[in-house]
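Novice: Sequence first, predicted model second:
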Amino acid sequence: MWFKHIILSLLIWLPVIGAMLVLLTGGDRQARAARFIAFSVALLNLLLCIPLYLAFDPSRFVMQFQENHLWIRAYQIHYALGVDGISLAMIILTNFTGLLVILAGCQAIRVRIAQYMAAFLIMQGMMIGVFAATDAILFYVFWEGMLIPMYLSIGMWGSANRNYAAVKFFLYTFLGSILMLIALLYLYNQTGSFDIQRFYGLHLPIAIQKLIFFAFLLAFAVKVPMWPVHTWLPDAHTEAPAGGSVVLAALMLKLGIYGFLRFSMPIVPQACAHLAGLMIILSLIAIIYIGLVAIVQVDMKKLIAYSSIAHMGFATLGCFMIYGIIRHMAKYQDAYMSLEGAVIQMISHAFGSGAMFLGVGILADRLTSHSRLIKDYSGVAARMPLFAAFFMLFAMSNVGLPGTAGFVGEFMVIMSAFQSHFWVAFTAALTLILASAYTLWMYKRVFFGSIVSNEVAAMKDINWLEKTNYILLAAGVFFIGLYPAPVLNVLHVTIEHLLSISMPPLKV
């Protein structure tokens, strides 16, 4: 079918074209037209994911829906796209999140509306490009391209300290990517191609593998973000508009994990095995130390931001525990469950954390001061009972309550870790206590107690647009929490193949 050979390009470039059309609507006087075009494009992109999912063959690990066109002949750089199970899941998540952000922005953004919608549409297209690119330079172009609209969204629609946060975000993420580019150029010299899959199976000396590993690590660790290069995230989350926080939490943090899965593990597997202990320690620091930092936060956005760092620690732990599992002669199935749990954690975190960031934006919009401080709210549940019920659901997912999305990935990672190293699993499991502490403590102070402010007393419950967003997010929480089989079926063969090339001695 000809449609299969252009669907990835449509998913990437329709939002970009839509952004151009939105900008042509002019200023805020044509805000309705800008909102309509942005919503229509975001909805169309999400609908395109239906044939993408239905036509995907989960029994094959090879890239599907491939497109390949020579782009720069002198260096054999190609416009090459394709998806496997992991990238398919992330592309669908990107389009789902993009629609929610556009819906939320229709109400929350009141100035420079066209520019706001255009920035997020371009960002959406660039992120889909990252997940679909099979050429290393094309991947790098999309990777860097998405920084610009996010930088603008923080700097133009953010809070009081937005300029500092925007510059810090850009410098951290841009500088972290320079060494990755050098590593890609080295791999090109070894293979004569920028085809990412040509990098797999290279017989590189362990010293070279370690250098490439650290080059990738800096780029991907900043994106996750891992301790100690995490300090940009709380500032970016705090100052960004609600939509920017949702994209950061639901998608951009996952790009670092995706980088480990697509580049580090299959390209330099021996270095990953040698340095797995370091990565496990850094992941546990993120889970425990950052969880403790979250408990003392007085700003709701900062608390949820630190929570996101802790939850992403589970994803990196799941990725690199596979080497410890195999080393301790545990079952191959345990290594598989660890890696699959990391991917599920990437997906499930998007629903709970993204919904909580939207919730903070809803609360702040209802105060004249737009405060995000916990002390400025009390007794919200008495005035906004439906919102309080939704927020409790997402808080429970953040805690990891069984039956919600937040439980599945963490449970899989902890259970697989128990097979190789009890104390690693025990330490990681402490997050269940820490997450309950900071999440429920925040919820109690914000939603219960006597109403202490006239502004809180005048609050109105969520409207139909906010209900629509929360119903969609709640559906995602229950879908992953109760019946993750459709996602797992797509991932199974892809992750099995990833394991086989990430640990060459292992026979699958």
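Specialist: In hand now; what should we look at? Numbers count the residues shown, from 1 in each chain.
Novice: Which strand or helix spans Phe65?
Specialist: Assigned by DSSP states H and E, Phe65 belongs to strand 64-72.
Novice: what helices or strands is that strand leaning on?
Specialist: With contacts taken as 3 or more CB pairs under 8 Å, 6 or more residues apart in numbering; DSSP states H and E, strand 64-72 sits against helix 7-24, strand 77-83. Glycine gets a C-beta too; all of them are placed from N, C-alpha and C.
Novice: of all those, which lies closest to Asp461?
Specialist: Minimum separation from Asp461 across the helices and strands packed on strand 64-72 (CB to CB) falls at helix 7-24, 30.5 Å.
Novice: Run the angle between the closest one and strand 77-83 for me.
Specialist: 110 degrees (axes from the mean of the first three to the mean of the last three CA atoms, to 10 degrees).
Novice: Could you pull out the buried residues of helix 7-24?
Specialist: 7-12, 14-16, 18-19, 21-23 (16 or more other CB atoms under 10 Å).
Novice: go on, stretch 426-442?
Specialist: So, applying 16+ other CB under 10 Å, buried residues of stretch 426-442: 427-429, 431-432, 434-436, 438-439, 442.
Novice: what angle separates the strand holding Phe65 from helix 7-24?
Specialist: 70 degrees.
Novice: Within its sheet, name the partner strands of strand 64-72 and how each one runs.
Specialist: strand 77-83 (antiparallel) (DSSP bridges).
Novice: can you pull the buried residues of whichever helix or strand comes after the strand it pairs with?
Specialist: Scanning forward in sequence from strand 77-83 by DSSP H and E, the next helix or strand is helix 85-108. Neighbour counts over helix 85-108 (16+ other CB under 10 Å) mark 85-106, 108 as buried.
Novice: Look up the pLDDT of Lys210 for me, please.
Specialist: pLDDT for Lys210: 91.
Novice: Repeat that for Val508.
Specialist: 37.
Novice: same check, this time on Ile325
Specialist: The score at Ile325 is 65. That number is its pLDDT.
Novice: residues contacting Asp441?
Specialist: Quick fix: residue 441 is Trp, not Asp. Contact partners of Trp441, counting by CB atoms under 8 Å, 6 or more residues apart in numbering, are Ile295.
Novice: Quick check: which element contains it?
Specialist: Trp441 belongs to helix 431-447 when assigned by DSSP H and E.
Novice: Past that helix, which element shows up next along the chain?
Specialist: helix 454-457.
Novice: what distance separates that next one from the centre of its chain?
Specialist: 35 Å (CA atoms, centre = their mean, to the nearest Å).
Novice: Please name the residues that touch Met63.
Specialist: 82-84, 134, 197.
Novice: Going through those, which ones are buried?
Specialist: Buried among the contacts of Met63 (16+ other CB under 10 Å): 82-84, 134, 197.
Novice: Would it be right to say that Leu202 lies in a helix?
Specialist: No. Counting by DSSP: H, G, I helix; E, B strand; the rest coil, Leu202 is not found in a helix; it is coil.
Novice: measure it to Thr134 for me?
Specialist: 16 Å (CB to CB, to the nearest Å).
Novice: what angle separates the helix or strand containing Phe314 from helix 431-447?
Specialist: Using DSSP H and E, Phe314 maps to helix 300-327. Here helix 300-327 runs at an angle of 170 degrees relative to helix 431-447 (the same axes, to 10 degrees).
Novice: Cross-check the contact I'm expecting between Ile182 and Ala215.
Specialist: Yes. With contact defined as CB atoms under 8 Å, Ile182 counts as touching Ala215 (6.1 Å).
Novice: neighbour-wise, which of those two wins?
Specialist: For Ile182 and Ala215, the more surrounded residue by other CB atoms under 10 Å is Ala215, and the numbers stand at 23 against 13.
Novice: Let me know the secondary structure of the more buried one.
Specialist: Criterion first, three-state DSSP; result for Ala215: helix.
Novice: Next up, the contacts around the closest residue to Ala240 other than its chain neighbours.
Specialist: Spatial nearest neighbour of Ala240, chain neighbours left out: Ile154 (4.7 Å); criterion: CB to CB, 6 or more residues apart in numbering. Ile154 makes contacts with 162, 165-166, 169, 236, 239-241, 244, as judged by CB under 8 Å, 6+ apart.
Novice: again, but for Phe131
Specialist: By CB under 8 Å, 6+ apart, the contact set of Phe131 is 83, 87, 90-91, 94, 258.
Novice: and the residue nearest to Ile102 when sequence neighbours are not counted, how many neighbours does it have?
Specialist: Closest residue to Ile102 apart from its sequence neighbours, by CB to CB, 6+ apart: Ala42 at 4.5 Å. Around Ala42 there are 26 other residues, counting by other CB under 10 Å.
Novice: now the one 5 residues further on
Specialist: The burial count assigned to Leu47 is 12, neighbours taken as other CB under 10 Å.
Novice: ok, residues contacting whichever strand or helix holds it?
Specialist: Assigned by DSSP H and E, Leu47 belongs to helix 31-55. Identification of contacts with helix 31-55 by CB under 8 Å, 6+ apart yields 1, 3-4, 7, 10-11, 14-15, 17-18, 21-22, 25, 65, 83, 88, 91-92, 95-96, 98-99, 102-103, 105-106, 113-114, 117-118, 120-121, 124, 490.
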